[in-house]
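Visitor: How does the following fold in three dimensions:
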Amino acid sequence: MEDKQLTAFGLRLRELRIERGLSQEELGLLSDLDRTYISGIERGTRNVGLINVFRIAKALNVPPAALFNETKAR
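Guide: Purely as a prediction, here's the structure:
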């Protein structure tokens, strides 16, 4: 399953992760999520749950809303 909203969310997550110099594995460890789950979110194939949005945001040191902003590349 892939749709535009999931893809956009994944691109934003990747952008924030890379800005902070984190690998998918490092973000996974910081957010207590598996690297393959992070990869799936970034590819737009995972529909991330609300609790995990908060975990990821905390690991990236951003408010959860920052994950829903448009990417700078647009």
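Visitor: any idea how far the residue nearest to residue 37 when sequence neighbours are not counted is from residue 57?
Guide: With sequence-adjacent residues excluded and distances taken as Cβ to Cβ, 6 or more residues apart in numbering, residue 37 is closest to residue 46, at 6.4 Å. Heads up, the C-betas are built off the backbone N, CA and C, glycines and all. According to Cβ to Cβ, to the nearest Å, residue 46 stands 16 Å off from residue 57.
Visitor: cool, residue 13 as well?
Guide: 10 Å.
Visitor: who has more neighbours, those two?
Guide: Shown here are residue 13 and residue 57; by other Cβ atoms under 10 Å, residue 13 has more neighbours (23 against 18).
Visitor: So which residues make contact with the helix or strand harbouring the more buried one?
Guide: According to DSSP states H and E, residue 13 maps onto helix 4-19. With contacts defined as Cβ atoms under 8 Å, 6 or more residues apart in numbering, helix 4-19 is touched by 24, 27, 38, 41-48, 56, 60, 62, 66-73.
Visitor: got the CA positions of that helix in PDB?
Guide: Output of helix 4-19 as PDB, limited to C-alpha atoms (Å, rounded to 0.1, in the frame of the first residue of the first chain):
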ATOM      1  CA  LYS A   4       0.700  10.300  -1.600                       C
ATOM      2  CA  GLN A   5       0.300  11.200   2.100                       C
ATOM      3  CA  LEU A   6       2.400   8.200   3.300                       C
ATOM      4  CA  THR A   7       5.100   9.100   0.700                       C
ATOM      5  CA  ALA A   8       5.100  12.700   1.700                       C
ATOM      6  CA  PHE A   9       5.400  11.800   5.400                       C
ATOM      7  CA  GLY A  10       8.200   9.400   4.600                       C
ATOM      8  CA  LEU A  11      10.100  12.100   2.600                       C
ATOM      9  CA  ARG A  12       9.800  14.500   5.400                       C
ATOM     10  CA  LEU A  13      11.000  12.000   7.900                       C
ATOM     11  CA  ARG A  14      14.000  11.200   5.700                       C
ATOM     12  CA  GLU A  15      14.800  14.900   5.400                       C
ATOM     13  CA  LEU A  16      14.700  15.500   9.100                       C
ATOM     14  CA  ARG A  17      16.800  12.300   9.800                       C
ATOM     15  CA  ILE A  18      19.500  13.200   7.300                       C
ATOM     16  CA  GLU A  19      19.600  16.900   8.600                       C
END
